[in-house]
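Q: Structure of the sequence below:
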Amino acid sequence: MAGIVPSRRVRGTPFTPGVQAAGAKAYTVYNHMLLPSYFESYEADYRHLKEHVQVWDVSVERQVSVKGPDALRLMRQMSPRDMDKMADDQCYYAPICDHNGGMLNDPVLIKIAEDHYWMSIADGDLLQWALGLAVGQGLDVDVVEPDVSPLAVQGPKADELMARVFGDVVRDIKFFRYKRLAFEDTEFVVARSGWSKQGGFEIYVDGSDYGMPLWNRLFDAGQDLNVRAGCPNLIERVEGGLLSYGSDMRRENTPIESGLARFCNSPEDYIGKSVIEAQKADGPNKMLRPIAIDGPGDLPHNALGWDVYADNKQVGLIASAVWSPDFNTNVSIGMIDRGHWDPGTVLNVDTGTGMRPATVKEKFWI
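A: Numbering: from 1, shown residues only. Next comes the predicted model:
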């Protein structure tokens, strides 16, 4: 595969020199930026993540800043999540929906101040949606992309590494909460969060010039912890049921279909409410489910996903599937039609190289 040529449309990040020096073997493009895909191999990176600590360049999680007197009003419109319950130091996972209840993104929201929120977005141009709503209604709010680039520290040794750089105060940060912690002559929002089930933090690096100084500090402090550069790992995230917007669910799917009903609790008249509330009451016609696919770990790559059948009728689509060394099966996430998603249901998956039996699971593996 040919290399990706950086440009003003496909940008590097404040940490790209460190990522390149660490030997990233492949990249993808996410929010118009470079995101490494793996370093040694998917399986080797997976094993290291579960045993040690990694530093991830996730600058691609761009921030959409919403600031001003009408900031909360706009946030209430955009998401079915109840914003009024959000504490001052809290992060929220929040679906963002269109007028049909379709998901436009699933960012983590960070409450910076009473009149200021960051949306740390998945792949998608959410800034234009927020800006259009603000301008169209004449809201008193600024919608911009600030120079903020997240750096994740993930793995069982993450607390120790972070404490060496930011002090033991990091150990007191609760899940999906944050503190402002000093670094050199500035401070960063540091949250206990991240796109893995191994535990860790995300550091919201405010100002590109601090990127490599922070990267180098973490690696200097973690030499005896076997710290390595890493990135979101396909195997570990499918095992843990961490959803990928644009892959596992898209605009044609609602939060209810995506298994996110618990995040649809707003009493406000948010965009798409009638569809979402109807699905909460009646149930959706399809839903994301964990599925184990039989056979060896040699599934061919298919960017379009794998069709799922029952009695020769297509009843779903698997968008994410990979061999799990720890669970000795092909783990996957599939959008499955009503009547076929119950745990224990046996389906057939068209892998492109033949049909394979697959079983709907009750829960994800980790």
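
Q: can you give me the offset of stretch 299-311 from its chain's centre?
A: 22 Å (C-alpha atoms, centre = their mean, to the nearest Å).

Q: and Pro296, how far is that from Thr351?
A: 11 Å (C-beta to C-beta, to the nearest Å). Where you see a C-beta, it was placed from the backbone N, CA and C, and this is true even at glycine.

Q: Glu277 too?
A: 38 Å.

Q: same thing with Arg250?
A: Separation of Arg250 from Thr351 (C-beta to C-beta) stands at 21 Å.

Q: okay, the two: which has more neighbours?
A: Thr351 (20 against 15; other C-beta atoms under 10 Å).

Q: which residues sit in contact with that one?
A: Contact partners of Thr351, counting by C-beta atoms under 8 Å, 6 or more residues apart in numbering, are Ile293, Leu299, Pro300, Asn302, Trp306.

Q: Determine the set of other helices and strands touching whichever strand or helix holds Leu74.
A: Using DSSP states H and E, Leu74 falls within helix 71-78. Packing partners of helix 71-78 (3 or more C-beta pairs under 8 Å, 6 or more residues apart in numbering; DSSP states H and E): strand 116-120, helix 126-137.

Q: which residues in this protein form helices?
A: Using DSSP state H, the helices found in the chain span residues 16-21, 42-51, 71-78, 126-137, 158-166, 211-221, 234-239, 273-282.

Q: What lies in contact with the fifth one?
A: Read it as helix 158-166. Outside helix 158-166, the residues that touch it by C-beta under 8 Å, 6+ apart are 53, 153, 170-171, 181-183, 190, 198-201, 214, 217-218, 221-222, 225, 227.

Q: Return the members of these classed as buried.
A: Neighbour counting by 16 or more other C-beta atoms under 10 Å classes 53, 153, 170, 181, 183, 190, 198-201, 214, 217-218, 221-222, 225, 227 among those as buried.

Q: I figured Asp140 hits Arg73, correct?
A: No. Counting by C-beta atoms under 8 Å, Asp140 sits too far from Arg73 to count as a contact (9.1 Å).

Q: who has more neighbours, these two?
A: Arg73 (18 against 12).

Q: Tell me who's in contact with Glu43.
A: The contact partners of Glu43, taken as C-beta under 8 Å, 6+ apart, are Ile235, Pro325.

Q: Relative to Glu236, how far out is it?
A: 10 Å.

Q: Equivalent analysis for Tyr117, please.
A: For Tyr117 relative to Glu236 (C-beta to C-beta), the value is 29 Å.

Q: now do Ile366
A: 8 Å.

Q: Burial check on the residue nearest to Gly23 when sequence neighbours are not counted, number of neighbours?
A: Excluding the flanking residues, the one nearest Gly23 by C-beta to C-beta, 6 or more residues apart in numbering is Phe39, at 5.7 Å. Phe39 has 20 neighbours, counted by other C-beta under 10 Å.

Q: Over to the one 10 residues further on?
A: Residues near Leu49, counting by other C-beta under 10 Å, number 25.

Q: ok, it - contacts?
A: Gln154, Gly155, Ser196, Gln198, Gly230, Asn233, Glu236.

Q: Tell me who's in contact with the closest residue to the fifth one other than its chain neighbours.
A: If you skip the residues right next to it in sequence, Gly230 has Gln54 as its closest partner in space, 3.1 Å away by C-beta to C-beta, 6+ apart. With contact set as C-beta under 8 Å, 6+ apart, Gln54 has these partners: Asp45, His48, Val153, Gln154, Gly155, Val227, Arg228, Ala229, Gly230.

Q: looking at the sheet around Gln54, what are its partners?
A: Listed beta-bridge partners, Gln54: Gln154, Arg228 (assigned using DSSP bridges).

Q: any idea how far Pro80 is from the closest residue to Arg192 other than its chain neighbours?
A: The shortest distance from Arg192 to any residue other than its chain neighbours is 4.5 Å, reached at Ile173 (C-beta to C-beta, 6+ apart). Going from Ile173 to Pro80 by C-beta to C-beta gives 27 Å.

Q: Compare the two (neighbour count), which wins?
A: Applying other C-beta under 10 Å to Ile173 and Pro80 shows that Pro80 carries more neighbours, namely 27 against 20.

Q: these two touch, right, the more buried one and Pro267?
A: No. Pro80 is beyond contact range of Pro267, at 10.2 Å (criterion: C-beta under 8 Å).

Q: who touches Arg47 in this structure?
A: Neighbours of Arg47 in contact, by C-beta under 8 Å, 6+ apart: Pro325.

Q: Quick check, pLDDT for the residue positioned nearest the centre of the chain.
A: Centroid-nearest residue in the chain: Trp195, 5.4 Å away (criterion: C-alpha atoms, centre = their mean). With respect to pLDDT, Trp195 scores 95.

Q: pLDDT at His301, what is it?
A: Reading off the model, His301 has pLDDT 79.

Q: Distance of the closest residue in space to Gln198 that isn't next to it in sequence relative to Val275?
A: Leaving aside its chain neighbours, Gln198 sits nearest to Gly155 (5.1 Å; criterion: C-beta to C-beta, 6+ apart). Distance of Gly155 to Val275, computed by C-beta to C-beta: 39 Å.
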